[in-house]
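>>> what's the 3D shape of this:
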Amino acid sequence: MQESLEPPVRILFVCLGNICRSPSAEGVIASMIEKQGLADQIKVDSAGTAAWHIGKSADPRAMDRARARGFNMSGLKARQVSEDDFDQFDYILAMDSDNLAELTQLQPPHFGGHLGLLLDFLPQGSELNKYAEVPDPYYGGDSGFDLVLDLIEAAGANLISMVQQRLS
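You can find the predicted model right below:
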């Protein structure tokens, strides 16, 4: 049996530059949490392993595709992940294995939370299970950003459900 968590549970989403995938995860999942009335129990944030875009807004294409689905990412600003994040978050979820490897190198020995991939939370039997990682849409078109949102929505719903179970 898994131990229960104390609210608020804190979840950090991590990609490379923190302008496409991880802020999309933050914005979408924060909205899902809000709609379920869980904003006082689950908190989310996002960061990147690279420092290239610190302080910048999310990619306009990511914001446009999210807005088309009713998600607002306009207030998010890129930041770089730090070792301190391991003291602040219960879950640190990378978008892909390269960023997970970076996080594993940064992880302090005392971290007792969950470090893994966001898509580990895709529901069993989902047609999206063919994806092990959230693909980087930066060099592609709108369809890449839509796929990112599809993956985040599916994994996010399951993640929220699992966190709720652990809170009870």
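>>> what sits up against stretch 131-151?
Stretch 131-151 is contacted from outside by 15-17, 19-21, 24-25, 28, 59, 61-62, 64-66, 69, 71, 95-97, 117-119, 122, 128, 152, using C-beta atoms under 8 Å, 6 or more residues apart in numbering. In short, each C-beta sits where N, CA and C put it, glycine included.
>>> residues near the closest residue to residue 97 other than its chain neighbours, how many?
In space, and not counting its chain neighbours, residue 97 is closest to residue 133: 6.1 Å by C-beta to C-beta, 6 or more residues apart in numbering. If you count neighbours by other C-beta atoms under 10 Å, residue 133 ends up with 17.
>>> how near is residue 133 to residue 48?
15 Å (C-beta to C-beta, to the nearest Å).
>>> got phi/psi on the closest residue to residue 41 other than its chain neighbours?
Once flanking residues are discounted, residue 41 sits nearest to residue 7: 4.2 Å by C-beta to C-beta, 6+ apart. When read as degrees, to the nearest 10, the backbone of residue 7 gives phi -70, psi 150.
>>> now swap in residue 13 and tell me
phi -100, psi 130.
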